[in-house]
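Undergrad: need coordinates for the below:
(2 chains)
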Amino acid sequence: MTGPPIVPPPSPEPSRAGAETAAPSEVRKFLLERGSSALSDRAFRWVMLISALSIFAIVALIAWELVARSQLTISKFGLQFFFKSAWDPVSGDFGALPFIYGTLASSLVALVIAVPLAIGLAIFLTEMCPKFLRGPLAFLTELLAAIPSVVYGLWAVFVLVPLLREHVNPLLMKTLGWTGFFAGPNYGIGILAAGVILAIMILPIISSLTREVMTAVPHMQREAVLALGATRWEMIRMGVLRNARIGIVGSIILGLGRALGETMAVTMVIGNRPEIVKSLLGLGYSMASVIANEFSEASDDLYLSALIEIGLALFIVTIIVNAIARLLVWAVTRGAPPRVA
Amino acid sequence: MNKSKLLAVALFVCAASAGFSQKINGAGATFPYPIYSKWFSEYSAQHSGVEINYQAIGSGGGIRQVTSGTVDFGASDGPMTDEQLKASKVKIIHIPTVLGAVVPIYNLPGVSTELKFSPDVLADIYLGKIGNWSDARIAKDNPGVKLPNTDIVVVHRSDGSGTTYIFTDYLSKVSNDWKNSVGRNSAVPWPKGIGGKGNEAVAGMVRQMPGGIGYVELIYALQNKIAFGYIKNAAGNWVKGSVDGVTEAAASVKQMPADYRVSITNAPGANAYPISSFTWLLIPTPAPNSANGKVIKDFLGWMLDHGQSETAALYYAPLPKSVSDKVRGTINQLQ
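TA: Residues are numbered from 1 along each chain as shown, chains lettered A, B, ... in the order given. Next comes the predicted model:
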């Protein structure tokens, strides 16, 4: 703050900072010379408060804009919009259900694949990894997070999709085809391909945050469990994972958030077909993808309004999924006594 | 103190060097972007003090921006509808600039001859009524070709695009089923198939999938040397997409409407390529900024005199003489 001081600065006390004692520390010197702090303290408090409140303002503004700009479809289709499967820009009939399904299904597949892998990777890195390998492994996982999603998409199109089509999918159809979740036709692209590429994309987020949380568990916890006679695996389960579980769930929620909103990589491999099929090998469409695909050429007002309402649906789905996850954390951790499982 | 002085001087120099150049902003279609950006940069080089910015944000965005008056001109691959013209704050004139076309591509291992598609067969493949390459109707169009017993994998554009508009406009003209159950638009409810984002994704998926069929811009296929099929035109001849065939399609339109909002798919000319279309600049008249309006008018004249001769290098089809003569008259009336 450069404003005029309200209170005159207290004169430095020469007797204390005599030449015979050590020179005052940098902090002390600054505090003695700076003058009054009343104004800067108050300003600091306001700036922090505004920063915190701006989050509410931004969320409210987004919600308001989405609702205001999708008035046409809201008034025409009402709540039905979220439960309808039609998507017909020619005759102006719109529904969000297939897109909601595609987003949720691909994100769920991603979580099923990524969560065990990420937690396993984090456990290995914090508890078992030889020192010389820890640095490179951690660096490589974090590198995965820095790759742009369009690069993931390209890799998926040229490497992952042919791999799925020629090797993985035929195997899944043969062994698990009876469940109905892995029924043909086998295009290679589809919900499963989107889920796999999303899993690779959210793996570094979940694993690096989980690693941080596990590193933060005090060493005494580990030693205490070991001292009671636990094996290494039991120590990790009871001493580390139990203590870190809130943080781990938090990291999964962050990963899920990324999966729900991912656009480019999903568009390139999901097949872009607004349909609900039980088979994961079938084609699908996600909310973010349809907005990215059709927004720029949507010239008719109702069509545009429908696309913005898809954005609103994505917003609502994200809120609901997050709320459910928070509830889950709350239910799991509510006054839980230390247990073996 | 010293620093801020320096900054002020630097800012002043920047402002001075930018000069008093006249800036004109346009936005719209992505399909003609390569030729437009070439034209605009050449025109600016020849006319000092004029700078034309073009943002390829898509036809829908171009129409919205020009009708709300935020840009000096728009561009679109599909003509504006009557309602859009009525809703516009300013009067909009369509000026055709170049032509584009759409060609069918396919991937059939073991078939080296170029396949032929009659219009109803193409429509029924996309409707899902013909599901296998060995279908008798495909065989009838391609006598002597040994067609494999492979399922057809239909690929279409997933992003809204002028290419889809042209393709579905054509299918709507040649198939009543298509017209009634699907229709024409920049994005349609496809009865069947996989969606790919952009020409490159459609081409990539077709290349990857044995039995695949898709459609891409003629320019994209020519630049990337992708093989494509023949189509039977309205005159009953088998034609392959080419720059000349597209220009002939435009020339063979019998009655060119005064506002140029015309679909030239399934054109009657003997060698006309049937899946062709104009792309348009959307010019507001009278221009909201009259100085900019004058430059746009001058540019349009330059586009007819010089610009048209540069289209071939980028594989765009130029306007036929009959159309460009008519456009010249329209430009003169611009205010």
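
Undergrad: how about the residues of chain A near chain B?
TA: Within chain A, the positions near chain B by Cβ under 8 Å from any Cβ of the partner chain are A:86-91, A:157, A:161-162, A:185, A:187-189, A:267-268, A:271-274, A:283, A:285, A:289, A:292-300, A:304. The C-beta positions use only the backbone N, C-alpha and C, and glycine is treated the same way.

Undergrad: same thing but at 7 Å, please
TA: Residues of chain A lying near chain B by Cβ under 7 Å from any Cβ of the partner chain: A:87-91, A:157, A:162, A:187, A:189, A:267-268, A:271-273, A:283, A:293-294, A:296-299.

Undergrad: keep only those of those that are in helices.
TA: Using DSSP state H, the members of these that fall in helices are A:162, A:267-268, A:293-294.

Undergrad: now the buried members of these.
TA: A:267-268, A:293-294 (16 or more other Cβ atoms under 10 Å in any protein chain shown).

Undergrad: which residues touch the nearest residue to residue B:168 once chain neighbours are set aside?
TA: Spatial nearest neighbour of residue B:168, excluding adjacent residues (Cβ to Cβ, 6 or more residues apart in numbering or on different chains): residue B:184 at 4.3 Å. Residue B:184 makes contact with A:90, B:165, B:168-169, B:172, according to Cβ atoms under 7 Å, 6 or more residues apart in numbering or on different chains.

Undergrad: turn the residues you listed into JSON lines, including secondary structure, pLDDT and distance to residue A:82.
TA: Output for the contacts of residue B:184, formatted as JSON lines (DSSP: H, G, I helix; E, B strand; the rest coil; pLDDT from 0 to 100; distance: Cβ to Cβ, whole Å):
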{"residue": "A:90", "secondary structure": "coil", "pLDDT": "90", "distance to residue A:82": "22"}
{"residue": "B:165", "secondary structure": "helix", "pLDDT": "92", "distance to residue A:82": "29"}
{"residue": "B:168", "secondary structure": "helix", "pLDDT": "95", "distance to residue A:82": "28"}
{"residue": "B:169", "secondary structure": "helix", "pLDDT": "94", "distance to residue A:82": "32"}
{"residue": "B:172", "secondary structure": "helix", "pLDDT": "96", "distance to residue A:82": "31"}
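
Undergrad: relative to residue B:296, how far out is the residue positioned nearest the centre of chain A?
TA: Here the mean C-alpha position of chain A is nearest to the C-alpha of residue A:254 (Cα atoms, centre = their mean), at a distance of 2.5 Å. For residue A:254, the distance to residue B:296 equals 50 Å [Cβ to Cβ, to the nearest Å].

Undergrad: again, but for residue B:321
TA: For residue B:321, the distance to residue B:296 equals 23 Å [Cβ to Cβ].

Undergrad: contacts only, for the residue in the stretch 51-200 of chain A positioned nearest to chain B.
TA: Proximity of the stretch 51-200 of chain A to chain B (Cβ to the nearest Cβ) peaks at residue A:90, 3.6 Å away. Residues in contact with residue A:90 (Cβ under 7 Å, 6+ apart) are B:182-185, B:188-189.

Undergrad: contacts for stretch B:116-126, please.
TA: If you take Cβ under 7 Å, 6+ apart as the criterion, stretch B:116-126 is touched by B:104, B:130, B:137-138, B:141-142, B:152, B:154, B:171, B:174-175, B:177-178, B:192, B:213, B:229-232, B:238.

Undergrad: with stretch B:191-207 instead?
TA: Contacts to stretch B:191-207, defined as Cβ under 7 Å, 6+ apart, come from residues A:157, A:187, A:189, A:267-268, A:271-273, A:283, A:293, B:105-107, B:126-128, B:153-159, B:181-182, B:212-214, B:216-217, B:220, B:224, B:226.

Undergrad: which ones among those residues map onto strands?
TA: If you go by DSSP state E, the contacts of stretch B:191-207 have B:105-107, B:153-157, B:212-214, B:216-217 in strands.

Undergrad: would you turn the buried ones among the ones in helices among the residues of chain A next to chain B into CSV with distance to residue B:243 and pLDDT?
TA: Below are those laid out as CSV (distance: Cβ to Cβ, whole Å; pLDDT from 0 to 100):
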residue, distance to residue B:243, pLDDT
A:267, 32, 93
A:268, 31, 92
A:293, 29, 91
A:294, 30, 90
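
Undergrad: out of the ones in strands among the contacts of stretch B:191-207, who's near chain A?
TA: Counting by Cβ under 7 Å from any Cβ, residue B:153 from these sit close to chain A.

Undergrad: so which of the ones in strands among the contacts of stretch B:191-207 comes closest to chain A?
TA: Closest to chain A, out of all of the ones in strands among the contacts of stretch B:191-207 and judged by Cβ to the nearest Cβ, is residue B:153, at 6.9 Å.

Undergrad: related to what we said a few turns ago, now render the ones in helices among the residues of chain A next to chain B as TSV, adding distance to residue A:172.
TA: Converted to TSV, those look like this (distance: Cβ to Cβ, whole Å):
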residue	distance to residue A:172
A:162	15
A:267	23
A:268	21
A:293	28
A:294	31
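
Undergrad: circling back: from the residues of chain A next to chain B, list the buried ones, please.
TA: Buried among the residues of chain A next to chain B (16+ other Cβ under 10 Å): A:87-90, A:157, A:187, A:189, A:267-268, A:271-273, A:283, A:293-294, A:296-299.

Undergrad: could you dump the ones in strands among the contacts of stretch B:191-207 to JSON lines with pLDDT and distance to residue A:30?
TA: As requested, those are exported to JSON lines (pLDDT from 0 to 100; distance: Cβ to Cβ, whole Å):
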{"residue": "B:105", "pLDDT": "95", "distance to residue A:30": "72"}
{"residue": "B:106", "pLDDT": "94", "distance to residue A:30": "76"}
{"residue": "B:107", "pLDDT": "93", "distance to residue A:30": "73"}
{"residue": "B:153", "pLDDT": "94", "distance to residue A:30": "72"}
{"residue": "B:154", "pLDDT": "96", "distance to residue A:30": "72"}
{"residue": "B:155", "pLDDT": "96", "distance to residue A:30": "68"}
{"residue": "B:156", "pLDDT": "96", "distance to residue A:30": "67"}
{"residue": "B:157", "pLDDT": "94", "distance to residue A:30": "64"}
{"residue": "B:212", "pLDDT": "94", "distance to residue A:30": "71"}
{"residue": "B:213", "pLDDT": "96", "distance to residue A:30": "74"}
{"residue": "B:214", "pLDDT": "96", "distance to residue A:30": "69"}
{"residue": "B:216", "pLDDT": "94", "distance to residue A:30": "67"}
{"residue": "B:217", "pLDDT": "92", "distance to residue A:30": "67"}
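
Undergrad: can you list the residues of the stretch 101-250 of chain B near chain A?
TA: Checking the stretch 101-250 of chain B against chain A by Cβ under 7 Å from any Cβ, the hits are B:153, B:158-161, B:182-189, B:194-195, B:197, B:201, B:204, B:208-209.
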